[in-house]
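Engineer: I would like the atomic coordinates for the input below:
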Amino acid sequence: MLRNTIDIFIDGDACPVKNEVYRVAERHKIITHVVCNRPIKIPQSSLISLNLVSKEMDSADKWIVGHVSKRDIVITSDIPLADLCVKKEVKVLRPNGKVLDEQNIGSALAMRNLMQDIQTSEGKSQMHRPFNNQDRVKFLNALEKMIQADLRNR
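Structural biologist: Alright, predicted model coming up:
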């Protein structure tokens, strides 16, 4: 699917920055796809769509990978999904403002797998640092930077 504009795709079930994405997308008139396996409330806008997928494992990931195009932006904390998107030359941004790209996705995937192995062997559930306002600011800055870079490169 080749388009002349970027779209934003949100891996939406646990994304803490959906409202921020909605505001930025509205300001720049960017179509935004929120992909979830359960209904959530989204703003009434012709630019924002809710795409419900089955509760089957990785169904949101498969939907996103099947619909993204080069230049699009994917918002996710899911490292395996980010890896698939980076391979398609899609820009990936984590909710904490970290950009995942061809330079760092390999190490991010290796670290994720290592931590998962450690947690499994120790019988612990995954522990994340709490999301905070500083993360939100970093995210907004990184998203704006990605959009501005795309506008310059059109």
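
Engineer: and P39, what is it in contact with?
Structural biologist: By C-beta atoms under 8 Å, 6 or more residues apart in numbering, P39 lies in contact with L50, L52. Yep, even glycine has a C-beta here, placed from its N, CA and C like the rest.

Engineer: assign a three-state SS to it, would you?
Structural biologist: coil (DSSP: H, G, I helix; E, B strand; the rest coil).

Engineer: how about it, phi and psi?
Structural biologist: Backbone torsions for P39, taken as degrees, to the nearest 10, come to phi -70, psi 140.

Engineer: need the strands for this structure, in chain order.
Structural biologist: 7-11, 31-36, 48-52, 73-75, 91-93, 99-100 (DSSP state E).

Engineer: possible to save the ones you listed as TSV with distance to F139 and mean neighbour count?
Structural biologist: Output for the strands of the chain, formatted as TSV (distance: least, C-beta to C-beta, whole Å; neighbours: other C-beta atoms under 10 Å):
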stretch	distance to F139	mean neighbour count
strand 7-11	12	25
strand 31-36	15	21
strand 48-52	18	16
strand 73-75	8	26
strand 91-93	7	25
strand 99-100	10	19
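
Engineer: this completes my enquiry, with thanks.
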